[in-house]
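**Q** no FASTA, just this:
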């Protein structure tokens, strides 16, 4: 497989994951729109099973397509790796960036909506804001399932390997500036709340071919798209010769997910962490947190993944 074919494979994988995400959101949004404004939390508890099922299916499919794409990419580049079977439910059914239980995170959308109503927002607007929150949750849940899968496989490689950031067409300015950049295998994947970027394993040769010039990417967009993505003032500044990296603070609002406490994220403890780790009494830590704890040691990373029940 040529370098260009590998690049096409990476882009096809990204499109497939985007399609899965959209399908999961359509079903989740349909359920949310049936929430009773007079009993937001109670009605969502009844309805959200549809969303859980849709998102878990998308996560599992995203994991499969990531496995296939990553395996092909590594094999075609002559990179040796172990392929211990992944335990799908270690990732699917969670918010993989933190290992929070998916159903608890979804329940949080209703509680947050109820909080908005309590603070004076009219129910119809609060529900619309909840839909926006749900959209972000679905996007991250599916993308993080793919990202966690890729991270695990990168950690099982025998040779030095990096990853390239692959973004969607028309992505936000922050992702556009970072698209095509190469990172060490154990670099935490920077993402913002609605980020859908993925990583693609590469050697140095392939990475250089996948590099993206942010100026070329900007200039290829119609003016209206430039204004939409970079804002009118930002786009005009870039057109006038401003440094695109100065105009766009790519790291604003981005973080590499990691540790997650038993009750994190809100005063009501909406996001409970998944409670199993392959053995009773242990909390399953996220892949990113295990990556951080391994400190660049692949053998230790794989040992931690095994300890926390990520392999069958």
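**A** Yep, it's here. These numbers were taken from a predicted model, which means no experiment stands behind them.

**Q** all helices of the stretch 1-150 of the chain, in order?
**A** Remark: helices assigned in the stretch 1-150 of the chain by DSSP state H, counting those that start in this stretch are 3-32, 40-76, 102-118, 123-155.

**Q** relative to residue 201, how far out is residue 69?
**A** Distance check for residue 69 against residue 201: by C-beta to C-beta, to the nearest Å, it reads 9 Å. Quick note: C-beta positions are derived from backbone N, CA and C, even for glycine.

**Q** okay, how far is it across stretch 201-219, tip to tip?
**A** Its first and final residues considered, stretch 201-219 spans 27 Å by C-alpha to C-alpha, to the nearest Å.

**Q** tell me which of the helices of the stretch 1-150 of the chain sits nearest to residue 96.
**A** Smallest distance to residue 96 across the helices of the stretch 1-150 of the chain (C-beta to C-beta): 3.9 Å, for helix 123-155.

**Q** in space, what's closest to residue 231 - neighbours in sequence excluded?
**A** residue 173 (7.8 Å; C-beta to C-beta, 6 or more residues apart in numbering).

**Q** which SSE is residue 187 in?
**A** For residue 187, there is no helix or strand it lies in under DSSP states H and E.

**Q** burial measure for it, as a count.
**A** 16 (other C-beta atoms under 10 Å).

**Q** with residue 27 instead?
**A** Counted with other C-beta under 10 Å, residue 27 comes out at 17.

**Q** can you pull the contacts of it?
**A** Contact analysis of residue 27 by C-beta atoms under 8 Å, 6 or more residues apart in numbering lists 50-51, 53-54.

**Q** how much space separates it from residue 66?
**A** For residue 27, the distance to residue 66 - C-beta to C-beta - is 21 Å.

**Q** got it, and residue 8?
**A** 16 Å.

**Q** between the two, tell me which one has more neighbours.
**A** residue 66 (26 against 12).
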